[in-house]
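Student: predicted structure and sequence below. I'll ask about it afterward.
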Amino acid sequence: MELKEQIEAILPLVQKPARYTGGELNSVVKNKDGVDLRFAFCFPDTYEIGMSHLGIKILYSLINSRPNYWCERVFAPSEDMETLMRDRGIPLYGLESRDALADFDVVGFTLQYELCYTNVLNMLDLAHLPLRSRDRGDTLDVPIVVGGGPCVCNPEPLADFFDCFQIGEGEEVMLEFLDLLNDYKKQGKSRSEFLHAVSHIEGIYVPSLYEATYHDDGTIAAFTPIGDAPAVINKRVVADLDKVFYPESFVVPFVEIVHDRVVHEIFRGCIRGCRFCQAGFWYRPVREKSVETISRQSKRLACTTGYDELSLCSLSSSDYTKITDLLEELLDWTQPEKINIALPSLRIDNFSDELKDKLALVRRSGLTFAAEAGTQRLRDVINKNITEEEILGTCRRAFSGGWTAVKLYFMIGLPTETDDDVVGINALSQKVVDEFYHNPDRQKGRAVSVAAGVSSFVPKPCTPFQWEPQDSLEELTRKQQLLKETCTSKKITFRFHNTDMTYLEGVFARGDRKLCDVLETAWRSGCKFDSWDDHYRKDLWQAAFAACGVDPDFYGCRRRSYDEILPWDHINSGIRKEFLKQESEKAKQGLTTPHCRVHCAGCGANKLNGGNCDALRASSVCKD
Amino acid sequence: MRSVRLRFAKIDSARYISHLDLTRCMTRAFRRTDIPLWYTEGFNPHPYLVFGLSLPLGVEGYRETLDIRLDNEEYPNERVLSELNRVSVPGIRFDEITEPVHKAAEITAAEYTADIVTDGDGEALAQQLGAIVAAGDVSIEKKNKRKEIKLLNVCESMKEFSAEATEKGARLHFVLPAGGEFNVNPVLFVTKLLSMADAADLPYRIARLRFLLPDGTEFQ
C-alpha cells in the first residue's frame, strides 16, 4: 500500500482524526515538483498545543510566501496514533502533503520548553531519520535538522541531535538559511560544506563545529571552535516590528485547540527586568509595533480566519505605551463585528481606571496577577517591582467593579527564600480575601475566590540567577507542604507544580553536551511527553542518569562561580555578562533596579539592534 | 428574518470533522462572508444554525442539511451559495438552497452506501456479505435510553440492502432508521458485517446519500 492509503486506513481508528488529516482552512498545498525546498515545521507536542503557538504561524506563512519553498506542519502524534504508525511502519508525515519527513529538505523543530526534548527524539525516530547529526552522512539528501525557539539560549543538551540551530528571532534568518541551502543543493555540495558555510550566517550555530573539554569536576575547561567557526554566536534581532513579515492568514483548525483565536504580538522584549525571567532578558531589546499596524493586520486576520476573538500578546501588555489608544482603535471595529478582545499578561501596578473601563468592554474573565513572591523583601530580591499596597489597591478597584475571582501567581524556591517568605504567600492571599470582605462596594451575595498558582523556581540561562543552585526536590516538597498547612481559608486554593518535573526542567535548562546521552537513554527506555502528568516517568529518568554516570544535581543544585565557563557562554543574547553579575549581586543585597523607562540599566541588548531600544526612546516621553 | 435550508456535501478529509467541530467550522465560514446571518438576541448573541442530523465521524455526507436564518429579505439565495463556496474548506461544498418544507423531526431513515476495498475477489465478497444479511441476523450493541447495552438486530429495521462488486472491491447500498427517535449507526453495522465475514481489516468508506421521510420520499 502507498503511504497515503496506509494513513487513510488508520485515521478511522484514532481519537480526533482531524488532527492528522491536514486540509484545514488556509493550510498551504503546493505542487511538490514545482518547489525547490520542502520544510517540515515540527512542534514537539500535540496538535492542540502546537497549533496554538504564534511562532509556527509566522514562520509557516513566511516560508510559504516564497513560491519556491513549501512549509508543512508536523506535530507529535498521540499515543493511539503513534502505536498504529509504529505497528504498520508508517513514518511521520507532513500534514499538507502526507509525505514522509525523509522526503523533505529541512526538518525544523521549535523548542519551547525543556520537557519536550524526548519528543524531539521520538519524532526523529518516527520519521525514520538518524537521531544523531553525525549519522546522517555527508549528503544533503538527508534532511537538515534545525532547531529554534527560546530553548536555544542553551542548546547544548541537544547538541548531538541537531545539525544547526537558529539563535534568536527567525523572521529574517530563516530565509537567509533556506536560500543558502537552496544554492548549495543546486551546486551539489556536501552536507559538511553546507554546515561550514551556514555557520557564517549571523545567528546560526552549528554544534558539531565546536569542541568542549572538561575539568575533572565536570565543569567546562574549554569550548573551542573547530576551524573558522565563530567563537560567539550572536542572537538575531528583528529591527522594526512594523516592517517585519506578519501573516495575512492563520491555519484554522477543525478540532478545538488551546488558543483558538487571532493572536497579535504587540511588542517584543520587556522593560521590567524581573531577575528570574528568561523571556524578559532573552527577547530584549524592547520593540513596539504601532497601533495602526496592529489594528490593520488584526482586521485582515479576523477576515481571513472567521475567528471571533482577538488576543493581544506580549510579556506585559499594560507596558505597551499606547495600550489605551490601541484598545480604542480595536474596539472601533471589533464591537460591530462581535469580536472579543483578550488581553493577558497585565501587570498590577499600571492597571489604570481608564484601562479597566476599556477592559470592561472587551471581555470579562478572572483577574490574574503575577505577584511571584509572598513578601516585599523577596520581591525586591527578584526585582518584581510591585508593592503589597499596589496589589491590594488594584484588587480593591477590581472588587468595586464587580469582580469576584482573582488568580495570583507565585513561585517557591527563589534565591534567598526563607520559610517566612513561603508562608507570606498565604498571608498575601488572605489579605486579598480580606480586601474583598472589607469592600463596601463588593458584589453582594457572591463569595470571593483566590486561586494561587504556586510553581517552583527554575534558574535559567541568560538571567541574573543563572549561577544559583535550584532548591532540592526535598526542599521544594517541604515548602509546598508548609504552605498547605498554613492555609486555613476555604476561599484560597493553592495549585502546585509537579516538583519532579521542575527538577528535570532545571537540569536540562542549564545542562551541557554530556546530557545528550542521558536524553537518548531516557527516550529509549520509554520517556516522552515529560511535561504531561500521565506520561512523566521519574523511575526511568533516574535510571537513565544512573546508566550514563551523570549526577543531575551537578546541573540542578550546584552554585556556579562567576568565572566558571557556562555551557551557553558562546551564545550571545546581547545581555552583557557583567550586567547579569551586577544584577545577581544586587539581588543578594535585596536592591531593586528600576524599569527601563525610568532609567536604562545598560543591559547591552540594544547593541545587537544597532543601538536601538524602544524602551530608551519611550523614556524621553513617558511620564513615569 | 427568513429561514432557508442549505444542502451541503461533507466528503474526503472533511469526513473527519466531528459534529461539534463542524458547528464551529460553519460559524467561522459565515463570518468570512458578507451573508447577513441572523443572531439570537440574548446576552451572548450567536447565529442560528440547525443541522438535519449529525453525521458519525468518518462518514461522508452528500445531501446534508443546514438551516439558517437571514436578517435580510433581499439577499439573493444564489449569493449565499457562492459566498459560502468561496470561503469553504476542502471537502465541504454547498449545493442547494431552498425553503424548508419538512421539520428535521420528520426524518425517519437515511440511505447509505459503503465502499469496501479488497485485493481479493470483489464479486465473492459482495455475495458473502449479501448472504449474511439474507440470513437475517446482524446484531450490534446499542445503548438504550437507560444507558443499558442491548443487542439490536439491524436486519429487522433495515429497509433496503444490496451488495455488488466494484472495480476495487464491493459496494453496499442500504437504508437504516435515522433521526431523533430511533437511529442505527451505519459504522457499527458495516464493521459488524465485515467482522462476521472475517474481513474486519478491509478499509471501507461509508457515505450518507440522503434523508428519508416515513413514506420513503426525500426530506425536503
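Tutor: On my side now, so go ahead.
Student: mind listing what residue 80 touches?
Tutor: As the question left the chain open, I've gone with chain A. Going by CB atoms under 8 Å, 6 or more residues apart in numbering or on different chains, A:Asp80 touches A:13-15. To be clear about C-beta, it is placed using only N, CA and C from the backbone, and glycine gets the same treatment.
Student: switch to chain B, that's the one I care about
Tutor: When contacts are counted by CB under 8 Å, 6+ apart, B:Val80 touches B:4, B:6, B:35, B:70, B:94, B:97.
Student: residue contacts, the fourth one?
Tutor: With CB under 8 Å, 6+ apart as the criterion, the residues that contact B:Leu70 are B:1-4, B:35-38, B:80.
Student: list the buried residues for whichever strand or helix holds A:Gly393?
Tutor: Element membership for A:Gly393 (DSSP states H and E) is helix A:388-400. Across helix A:388-400, burial judged by 16 or more other CB atoms under 10 Å in any protein chain shown covers A:388, A:390-392, A:394-399.
Student: just stretch B:158-173 next, same as before
Tutor: For stretch B:158-173, burial by neighbour count (16+ other CB under 10 Å) applies to B:158, B:161, B:163, B:165, B:169-172.
Student: and which of the residues you listed is nearest chain A?
Tutor: Distance to chain A, by CB to the nearest CB, is smallest for B:Gly169 among the buried residues of stretch B:158-173, at 13.0 Å.
Student: please name the nearest non-neighbouring residue to that closest one.
Tutor: Closest residue to B:Gly169 apart from its sequence neighbours, by CB to CB, 6 or more residues apart in numbering or on different chains: B:Thr118 at 4.1 Å.
Student: which residues does that neighbour contact?
Tutor: B:125, B:168-170, B:199, B:202.
Student: A:Ala373 too?
Tutor: A:379, A:381-382, A:384, A:410-411, A:414, A:417, A:421, A:424-425.
Student: now with 7 Å?
Tutor: Contact partners of A:Ala373, counting by CB atoms under 7 Å, 6 or more residues apart in numbering or on different chains, are A:379, A:382, A:384, A:410-411, A:414, A:421.
Student: nearest to A:Ser317 among those residues?
Tutor: Comparing these against A:Ser317 with CB to CB places A:Lys384 closest, at 16.6 Å.
Student: beta partners for residue 204?
Tutor: You didn't say which chain, so I picked chain A. Here A:Ile204 sits in beta bridges with A:Gln166, as judged by DSSP bridges.
Student: please refer instead to chain B.
Tutor: B:Tyr204 forms beta bridges with B:Ile116, as assigned by DSSP bridges.
Student: and B:Arg208, by the same measure?
Tutor: As for beta bridges, B:Arg208 partners with B:Gly61, B:Tyr112 under DSSP bridges.
Student: circling back: who does the helix holding A:Gly393 touch, helix- and strand-wise?
Tutor: On a contact count with 3 or more CB pairs under 7 Å, 6 or more residues apart in numbering or on different chains; DSSP states H and E, helix A:388-400 meets strand A:367-372, helix A:419-437.
Student: just give me the lowest mean pLDDT stretch among those.
Tutor: Among the helices and strands packed on helix A:388-400, strand A:367-372 carries the lowest mean pLDDT, a mean of 84.
Student: got the buried residues for the helix or strand following it?
Tutor: With elements assigned by DSSP H and E, the helix or strand that comes after strand A:367-372 is helix A:376-381. Neighbour-count burial for helix A:376-381, with 16+ other CB under 10 Å as criterion, is recorded at A:376, A:378-381.
Student: which of these lies closest to B:Ala109?
Tutor: Proximity of those to B:Ala109 was ranked by CB to CB; the top entry is A:Arg379 with 68.5 Å.
Student: what sits closest to that closest one if chain neighbours are left out?
Tutor: With CB to CB, 6+ apart, the residue lying closest to A:Arg379 is A:Ala373, at 4.7 Å.
Student: one step back: make a ChimeraX selection of whichever of the contacts of B:Leu70 turn out to be buried.
Tutor: To isolate the buried members of the contacts of B:Leu70 in ChimeraX, using 16+ other CB under 10 Å:
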select /B:4,35,36,37,38,80
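Student: need the contact list for residue 50.
Tutor: No chain was given, so I picked chain A. Neighbour list for A:Gly50: A:43, A:56, A:75 [criterion: CB under 7 Å, 6+ apart].
Student: my question was about chain B
Tutor: When contacts are counted by CB under 7 Å, 6+ apart, B:Val50 is found next to B:67, B:104.
Student: what about it, distance to B:Ser162?
Tutor: Relative to B:Ser162, B:Val50 is positioned 33 Å away (CB to CB, to the nearest Å).
Student: can you check A:Arg576 too?
Tutor: For A:Arg576, the distance to B:Ser162 - CB to CB - is 80 Å.
Student: state the pLDDT value of residue 104.
Tutor: Just going to use chain A. So, for A:Phe104, pLDDT stands at 98.
Student: if you could check chain B rather than the one you did, that'd help
Tutor: For B:Ala104, the pLDDT comes out at 90.
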